[in-house]
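K.L.:
quick one, fold the following:
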Amino acid sequence: MKLMLQSFEFTTAKISDTGQISYFEKQGKYLDVELDANTVLTLVLASTETLASEDNTQPSFLIGKYPITQKQWYKVMKSFQYGGNLGFKKPVMASWVDAMEFCDRLSHKEGKEYRLPTEAEWEIACRAGSKTIFSFGNILTPDLASFGKDSSITGIRYKTTSEPIMNVGMFPPNDFGIHDMHGNIWEWCLETQPNPYPGLRPIRGGAYYSPAESCGCSSQGSFRYRHKFGVVAIVAKVSRAASKNRKAASGLF
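P.N.:
Residues are numbered from 1 along each chain as shown. Modelled structure (predicted):
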């Protein structure tokens, strides 16, 4: 039996270089994976067929609508990670090693491949077709993400939020319908290139304490693999033939 993608509507945002935010209605595709009767992992289609750039040479794929939450982590791993006492809607903070283990266990549980996104996939999912510094535009404000206080991009000093790690989904999604790609927590990526610095693994997206320039779509970083950052799961590449055909794309498995 094939699992079918469903359509959903959402409101995304764009910001002008002067800071004016406009909101737009968009439509995307998603798949809900039931981890148990009360816990769902929602995956969103990052459709590279719609991208008029070099990005569309890569297959489309499904990626988490939000960073993996404490509740989702617990349902798969049967344990809490750092920040578990902050609530089930908080993004999990896990080491790269534990993030890989989470994806392995989820793959075994569901019988499908789940893994961390590569840096290229993470950036495609973050940009959602945009060519600006952030998916929303060339500046970032506290209406769009949780990030730190100093920014040479915005030219404004913002105060760090009083609640450092925020619940997932508190800010508008990008044009694919994916939330929290800028700020709040750094996110681990899959290592795909030979690493000249043993022990380091790639991270993207910035955190609540990061300046805006560290939260951009192309901003890169790395940290020791046992440090605790956020996790985004990816599953099931979509073939180019299927992603060109909406009916075919709805039957991924």
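K.L.:
and the gap between the residue nearest the centre of the chain and residue 138?
P.N.:
The centroid of the chain falls nearest to residue 181 when counting by CA atoms, centre = their mean (4.9 Å). Distance from residue 181 to residue 138, counting by CB to CB, to the nearest Å: 16 Å. Backbone N, C-alpha and C define where each C-beta goes, glycine included.
K.L.:
same deal with residue 29?
P.N.:
28 Å.
K.L.:
among the two, which residue is more densely surrounded?
P.N.:
More crowded of residue 29 and residue 138, by other CB atoms under 10 Å: residue 29, with 23 against 15.
K.L.:
nearest spatial neighbour of that one, chain-adjacent residues omitted?
P.N.:
Distance criterion CB to CB, 6 or more residues apart in numbering; nearest residue to residue 29, sequence neighbours excluded, is residue 45 at 4.0 Å.
K.L.:
could you report the neighbour count for residue 106?
P.N.:
24.
K.L.:
and what of residue 140?
P.N.:
Residues near residue 140, counting by other CB under 10 Å: 27.
K.L.:
not counting its neighbours along the chain, what's nearest it?
P.N.:
That would be residue 212: by CB to CB, 6+ apart, it lies 4.5 Å from residue 140.
K.L.:
thought the one you found was touching residue 139?
P.N.:
Yes - Residue 212 lies in contact with residue 139 (CB atoms under 8 Å); the separation is 7.4 Å.
K.L.:
more neighbours: which of these two?
P.N.:
residue 212 (27 against 20).
K.L.:
for the more buried one, give its distance to residue 137.
P.N.:
Taking CB to CB, one finds residue 212 at 11 Å from residue 137.
K.L.:
pairing partners for the lengthiest strand in the chain, with directions?
P.N.:
Identified as the longest strand of the chain according to DSSP state E is strand 21-36. With DSSP bridges as the test, strand 21-36 is paired with strand 6-15 (antiparallel), strand 39-46 (antiparallel).
K.L.:
show me how far it is from its chain's centre.
P.N.:
12 Å (CA atoms, centre = their mean, to the nearest Å).
K.L.:
swap in stretch 198-206?
P.N.:
From the chain centre to the centre of stretch 198-206 is a distance of 15 Å (CA atoms, centre = their mean).
K.L.:
begin at 22, not 1, for the rest of this chat.
P.N.:
Happy to do that; since the first residue is 22 now, the last one works out to stretch 219-227.
K.L.:
show me what counts as buried in it.
P.N.:
221, 222, 223, 224, 225, 226, 227 (16 or more other CB atoms under 10 Å).
K.L.:
retrieve the pLDDT associated with the first one.
P.N.:
Meaning residue 221. Looking at residue 221, its pLDDT reads 90.
K.L.:
ditto for residue 81
P.N.:
88.
K.L.:
hmm, it is touching residue 65, no?
P.N.:
No - counting by CB under 8 Å, residue 81 sits too far from residue 65 to count as a contact (10.8 Å).
K.L.:
just to revisit the earlier point, which ones are touching the residue nearest to residue 50?
P.N.:
Residue 66 is in contact with 26, 49, 50, 51, 52, 81, 82, 83, 197, 259, 270, counting by CB atoms under 8 Å, 6 or more residues apart in numbering.
K.L.:
ok, now with 7 Å
P.N.:
26, 49, 50, 51, 81, 83 (CB atoms under 7 Å, 6 or more residues apart in numbering).
K.L.:
redo the residues you listed as JSON lines? Include distance to residue 100.
P.N.:
Putting those into JSON lines (distance: CB to CB, whole Å) gives the following:
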{"residue": "26", "distance to residue 100": "31"}
{"residue": "49", "distance to residue 100": "32"}
{"residue": "50", "distance to residue 100": "32"}
{"residue": "51", "distance to residue 100": "28"}
{"residue": "81", "distance to residue 100": "33"}
{"residue": "83", "distance to residue 100": "26"}
